[in-house]
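>>> I would like the atomic coordinates for the input below:
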Amino acid sequence: MRRFSWFNATSLTLGFAFLYLPMVILVIYSFNASKLVTVWAGFSTRWYGELLSNEAFLNAAWVTLKVAVFSSTLATVLGTLAALVLVRAGRFPGRTAFSGMIYAPLVMPEVITGLSLLLLFIAIGLDRGILTIVLAHTTFSMCYVSVVVSSRLATFDKSLEEAALDLGCTPFEAFRLVTLPIIAPAVISGWLLAFTLSLDDLVIASFVTGPSATTLPMKIWSSVRLGVSPEINALSTILIGIVTAGVVTASIVSKRAISARQRDEQAAAAT
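The predicted structure follows:
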């Protein structure tokens, strides 16, 4: 068995420090009483109160949440349908072009995607706002959902669907009652991935947004250009806390589900 050397330990420590030490510093200075983010003047939660009373940030957060929910839901539906076509339809005329259009946003630079969508919306006379951001985010996140769901469908046992059809189910009922529950983890993972991509997007939203819709990344970027304020640190700390809570909760739920499955298997083996 290979020993864990001091070089490996040092490399691992430096790597984690490079990744997480800036976040730790940011969290600490979010409780700084001073307006200067680099000068410590004592512990205070003042900036969290000012953040919660900042209408611009609250409106941007609300817009971002709405866009993320609608775009990820639409991307999940379209991406799942695209995955079904790619995996189940076999070869058909235009399959290569169809798969190319589905996967193109994976390798397309976001600047090109944002600019092309902007020109499209201008050409069709669609006013830029929340709707255009939702459509743009759906366009580039749908391919990620399609990849996740396709990988699950590729290993799906079709005999389960065939058994449901033999028992009298219609194709839609077989999909709803058999296929969808089995691929549900992949669908949920695709939705979460699309939701995260929408929350994090800055480049594409900057191209397709209008004066009535400002997302949170755009608001943070415009604020940082004028100088980092303690409110930005407070907002970032809240986001880090939400992500950490989500990861911890998902880990606990997953471990409990695995434990429950193991207990059921042991009980079944005992009987």
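>>> Give me the pLDDT value at residue 29.
Listed pLDDT for residue 29 reads 84.
>>> Which strand or helix spans residue 240?
helix 230-270 (DSSP states H and E).
>>> Quick one: list the elements packing against that helix.
helix 6-29, helix 46-52, helix 216-225 (3 or more C-beta pairs under 8 Å, 6 or more residues apart in numbering; DSSP states H and E). Any C-beta I mention is one placed from the backbone N, CA and C, and that applies to glycine too.
>>> what's the angle from it to helix 6-29?
Helix 230-270 runs at 130 degrees relative to helix 6-29, counting by axes from the mean of the first three to the mean of the last three C-alpha atoms, to 10 degrees.
>>> so helix 230-270 versus helix 216-225, what angle?
Going by the same axes, to 10 degrees, helix 230-270 makes 140 degrees with helix 216-225.
>>> next one: helix 230-270 to chain centre, how far?
Centroid separation between helix 230-270 and its chain, computed with C-alpha atoms, centre = their mean, to the nearest Å, is 16 Å.
>>> how many other residues sit next to residue 103?
Each residue near residue 103 was counted by other C-beta atoms under 10 Å, and the total is 17.
>>> pretty sure it contacts residue 143?
Yes - contact criterion C-beta atoms under 8 Å: residue 103 and residue 143 qualify, at 5.5 Å.
>>> And the contacts of stretch 52-70?
51, 130, 133-134, 137, 195, 198-199, 205, 213-219, 231, 235 (C-beta atoms under 8 Å, 6 or more residues apart in numbering).
>>> Going by neighbour count, list what's buried in it.
Going by neighbour count (16 or more other C-beta atoms under 10 Å), the buried part of stretch 52-70 is 54, 57, 60-61, 63-64, 67-68, 70.
>>> Export those as JSON lines, with columns for pLDDT.
Below are those laid out as JSON lines (pLDDT from 0 to 100):
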{"residue": "54", "pLDDT": "84"}
{"residue": "57", "pLDDT": "85"}
{"residue": "60", "pLDDT": "88"}
{"residue": "61", "pLDDT": "87"}
{"residue": "63", "pLDDT": "90"}
{"residue": "64", "pLDDT": "89"}
{"residue": "67", "pLDDT": "92"}
{"residue": "68", "pLDDT": "90"}
{"residue": "70", "pLDDT": "94"}
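>>> So which of the residues you listed is the closest to residue 86?
The shortest approach to residue 86 among the buried residues of stretch 52-70 belongs to residue 70, at 24.4 Å (C-beta to C-beta).
>>> Work out for me the element that closest one sits within.
Going by DSSP H and E, residue 70 is part of helix 55-88.
>>> and that helix with helix 230-270, angle?
Relative orientation of helix 55-88 versus helix 230-270 (the same axes, to 10 degrees): 40 degrees.
>>> Show me what whatever helix or strand comes next after helix 55-88 is packed against.
Using DSSP H and E, the next helix or strand after helix 55-88 towards the C-terminus is helix 95-107. Here helix 95-107 touches helix 55-88, helix 130-154, going by 3+ C-beta pairs under 8 Å, 6+ apart.
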